[in-house]
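*Asks:* could you look at this predicted model? Sequence included:
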Amino acid sequence: MADIVSGKEVAEALKQKLVDEVDELKSNGIIPGLAIVLVGDRPDSLSYIKGAQKRCSEIGIDCRLVQLPADTSEEEFVSRIRQLNQDRSVHGILVMRPLPATISEDRVKYEISPLKDVDCFNPVNMAKVMSGEEGGFAPCTPSAVMEILDYYGIELTGKRVVIVGRSMVVGRPLSMMMLKRHATVTICHTRTVDLAKETSRAEILVAAAGKARMIKKDMVGSGAVVIDVGINFDENGKMCGDVDFEAVKELAGKITPVPGGVGSVTSTVLAKHVIRACRMLIDQEG
């Protein structure tokens, strides 16, 4: 039976460190600020924002929601991003995706300042992740995976890691972050031939394909560490991950639940990035 890896425990421990950092900044008259930009009113985005606002409030970060109408033009959107880039009270900018079809992500992703791009939307930051540079911001979800591994002392050096999922939001950046830590990484996806053969070899298996309960018990090696990044809803409307949790926990060594796993850590990582962006701005201004 696997040990359950609690994301909530990781988030709480990280939160306490961040509270101390914010207290120090506030003692010098500085309040870290985050602006979350939402176009329209997607329920899933609003749910995430609510959680992020709550976490920021607990830590002491000023979090504002910039909600734009669903019919906002690309020019209007870019104008608002540029305003936030110039706003000295805003240290981090998070753009909720997907954007409406009227706004091209391929264009606007270059507009957000890399120094305020706390969830790695601008390709400048993604390039830094891919090249192993430390100066940028990695996406919050793969960063949350790394926080969990570090908190539980799960070593990456020399380990066989298999990541199921190749998105630019999770799979690809996470593979580079793990490779930098000397793991041997294989990236798979839903079209991988004989996926079970690949996943069953993993000492650390990360499921991030966005397909409910696709990782079955026969796809996991005995004693493997299983990190479930997926957030899905089954036919009964129940939240579940990409892993068949009840079956896989009988074989795995460690496993993250959904909910209560990786998702629990992402908003705290977001807050961590905002504080880091704030410190970077202070250093830049001398």
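*Replies:* Cool, got the structure. Numbers count the residues shown, from 1 in each chain.
*Asks:* the stretch 151-286 of the chain: helices as residue ranges?
*Replies:* 171-180, 195-199, 245-248, 263-285 (DSSP state H, counting those that start in this stretch).
*Asks:* so which of those helices is nearest residue 63?
*Replies:* helix 263-285 (8.4 Å; C-beta to C-beta). Where C-beta positions appear, they are placed from N, C-alpha and C, glycine not excepted.
*Asks:* report all helices and strands that the closest one contacts.
*Replies:* helix 7-27, strand 33-39, helix 43-59, strand 92-95, helix 140-151 (3 or more C-beta pairs under 8 Å, 6 or more residues apart in numbering; DSSP states H and E).
*Asks:* of all the helices of the stretch 151-286 of the chain, which lies closest to residue 119?
*Replies:* Using C-beta to C-beta, the nearest of the helices of the stretch 151-286 of the chain to residue 119 is helix 263-285, at 6.7 Å.
*Asks:* other residues contacting that closest one?
*Replies:* 6-8, 10-11, 14-15, 18, 21-22, 25, 30, 32-34, 48, 51-52, 54-56, 59, 61, 91-92, 94, 115-116, 118-119, 137, 140-141, 143-144, 147-148, 231 (C-beta atoms under 8 Å, 6 or more residues apart in numbering).
*Asks:* which of these are buried, as a PyMOL select command?
*Replies:* Buried members of those, defined by 16 or more other C-beta atoms under 10 Å, are picked up in PyMOL with:
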select buried, resi 6+7+10+11+14+15+18+21+22+25+30+32+33+34+48+51+52+55+56+59+61+91+92+94+115+116+118+119+137+140+141+143+144+147+148+231
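*Asks:* including mean pLDDT, mean neighbour count and distance to residue 74, could the helices of the stretch 151-286 of the chain go into a markdown table?
*Replies:* Below are the helices of the stretch 151-286 of the chain laid out as a markdown table (pLDDT from 0 to 100; neighbours: other C-beta atoms under 10 Å; distance: least, C-beta to C-beta, whole Å):
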| stretch | mean pLDDT | mean neighbour count | distance to residue 74 |
| --- | --- | --- | --- |
| helix 171-180 | 98 | 20 | 26 |
| helix 195-199 | 98 | 17 | 39 |
| helix 245-248 | 98 | 18 | 41 |
| helix 263-285 | 93 | 21 | 25 |
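*Asks:* tabulate those helices (a markdown table), appending distance to residue 255.
*Replies:* What follows is the helices of the stretch 151-286 of the chain, written out as a markdown table (distance: least, C-beta to C-beta, whole Å):
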| stretch | distance to residue 255 |
| --- | --- |
| helix 171-180 | 17 |
| helix 195-199 | 14 |
| helix 245-248 | 6 |
| helix 263-285 | 14 |
